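**Student:** With the sequence up front, the predicted model follows.
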Amino acid sequence: MDQPRVSRGKAKGKRGAKNAKDNKGRSDVGGKKRGRGDVNPGERMKKMRKGATKSTLQDKFKSKLESGQFRWLNEQLYTTTSEEAMTLFKKEPKLYDIYHRGFEVQVEKWPENPVRVIIKEVKRMPEDWVLGDFGCGNALIARKAKQKVHSFDLCKTNEHVTVANSADVPLDDCSLDVAIFCLSLMGTDFRRFLLESRRVLKDKGLLIVAEVKSRFGTEGVQESDMLGGIDAFKRVLNGLGFNLLKEDTNNKMFVLFRFEKQPLSKKKERKLAETVSQDDEVVLKSCRYK
């Protein structure tokens, strides 16, 4: 017995109904309906762009805010004593991080980083020498050197750093072969730092100092005019019992000095403490970054 035929129209209708059921909840050509969680691609891109713009604006605002905080902190560090600076960072440790991020941004713009210049010199020194890095920041010298390096700063950024005021470090007398101050003679009492480095240096020990050129005179001065400020600085070091070995003014941004500690009698050593003055702006001007 022949099976009844199903008309094409009815079959097509059933297939259409099935497809319609399968596509229920999906968007039609006009995009009027979508399943739960579906988002129009155009809307998704619009939201992503909006989020990215918002994030960019927040980053710019944060960068400007930190830049302003860095300049303020920089001024504080150059115009207050080391004790006052330490108190500030103890109260608000995050300010230390803001300062060093800003400082690194500034130095990255320089043709040459003085820390890396000093590291090259350290690599040529005997491996059994002991070094002291005063105002070490992130202790890059200690991380790169083969020698033993005591790294001091006002806050601890990593395991290499010992928290200490550069005017009073936890080292024995005559225990260092080299003392380093890389852009770290900050504060109105920086002569106390130099006197402390003399205490912990061995006789004939090496003192390395790198300082921003503008600290020896006004910005934009001619090299010949700037030498007066450099000479005054060298006289201070000579008065503290250091003899100049080498002076390098070739770099555009900083001057690099190498001094040697001269042996003195105990009587003269005691008199050195009396030469320490709070009026150090005359010798080294504050460094102000733009």
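**Tutor:** Sure thing, it's come through. Residues are numbered from 1 along each chain as shown.

**Student:** Just the pLDDT at Lys120, thanks.
**Tutor:** For Lys120, the model assigns a pLDDT of 98.

**Student:** do the same with the one 5 residues further on
**Tutor:** In this prediction, Met125 carries a pLDDT score of 99.

**Student:** can you tell me which residues contact it?
**Tutor:** Met125 makes contact with Leu131, Gln147, Asp177, Val178 under the criterion Cβ atoms under 8 Å, 6 or more residues apart in numbering. For every residue, glycine as well, the C-beta is placed using N, CA and C.

**Student:** Now render those residues as a markdown table, adding distance to Pro114 and secondary structure.
**Tutor:** Formatted as a markdown table, those follow (distance: Cβ to Cβ, whole Å; DSSP: H, G, I helix; E, B strand; the rest coil):
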| residue | distance to Pro114 | secondary structure |
| --- | --- | --- |
| Leu131 | 16 | strand |
| Gln147 | 19 | coil |
| Asp177 | 20 | strand |
| Val178 | 15 | strand |
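
**Student:** most surrounded residue in these?
**Tutor:** Within the contacts of Met125, Val178 tops the neighbour count with 24 neighbours, counted by other Cβ atoms under 10 Å.

**Student:** low pLDDT regions in the stretch 101-250 of the chain?
**Tutor:** Scanning the stretch 101-250 of the chain for pLDDT under 70 picks out the ranges 218-228.

**Student:** quick one: contacts for the nearest residue to Trp129 once chain neighbours are set aside?
**Tutor:** Ranked by Cβ to Cβ, 6 or more residues apart in numbering and with sequence neighbours excluded, the top spatial neighbour of Trp129 is Asp177, at 3.9 Å. By Cβ under 8 Å, 6+ apart, the residues touching Asp177 are Met125, Pro126, Trp129, Val130, Leu131, Leu201, Lys202, Gly205, Leu206.

**Student:** which ones are touching the nearest residue to the fourth one once chain neighbours are set aside?
**Tutor:** Counting by Cβ to Cβ, 6+ apart, Val130 lies nearest to Lys148, which is 4.9 Å off, once chain neighbours are set aside. For Lys148, the set of contacting residues under the criterion of Cβ under 8 Å, 6+ apart consists of Trp129, Val130, Leu131.

**Student:** what's the answer for Val209, then?
**Tutor:** Val209 neighbours (Cβ under 8 Å, 6+ apart): Ile180, Phe181, Leu185, Leu237, Leu256, Phe257, Phe259.

**Student:** what about 6 Å?
**Tutor:** By Cβ atoms under 6 Å, 6 or more residues apart in numbering, the contact list for Val209 reads Phe181, Phe257.

**Student:** So the nearest residue to Gly229 once chain neighbours are set aside versus Asp231, what's the distance?
**Tutor:** In space, Gly229 comes closest to Phe216 once its chain neighbours are excluded; the distance is 3.3 Å by Cβ to Cβ, 6+ apart. Distance, Phe216 to Asp231, using Cβ to Cβ, to the nearest Å: 9 Å.

**Student:** With Glu260 instead?
**Tutor:** Relative to Asp231, Glu260 is positioned 18 Å away (Cβ to Cβ).

**Student:** Between those two, tell me which one has more neighbours.
**Tutor:** Glu260 (16 against 10).

**Student:** And the contacts of whichever strand or helix holds the more buried one?
**Tutor:** Using DSSP states H and E, Glu260 sits within strand 254-261. With contacts defined as Cβ under 6 Å, 6+ apart, strand 254-261 is touched by 114, 198, 201, 204-205, 207-213, 237, 242-249.

**Student:** just checking, which of those belong to strands?
**Tutor:** With strands taken from DSSP state E, the overlap with the contacts of strand 254-261 comprises 201, 204-205, 207-212, 242-248.

**Student:** now, the most widely separated pair of those residues?
**Tutor:** The distance between the two most remote of the ones in strands among the contacts of strand 254-261 (Cβ to Cβ) is 28.1 Å, for Lys204 and Val212.

**Student:** Who has more neighbours out of the two?
**Tutor:** Taking other Cβ under 10 Å, Lys204 and Val212 do not tie; Val212 has more neighbours (20 against 11).
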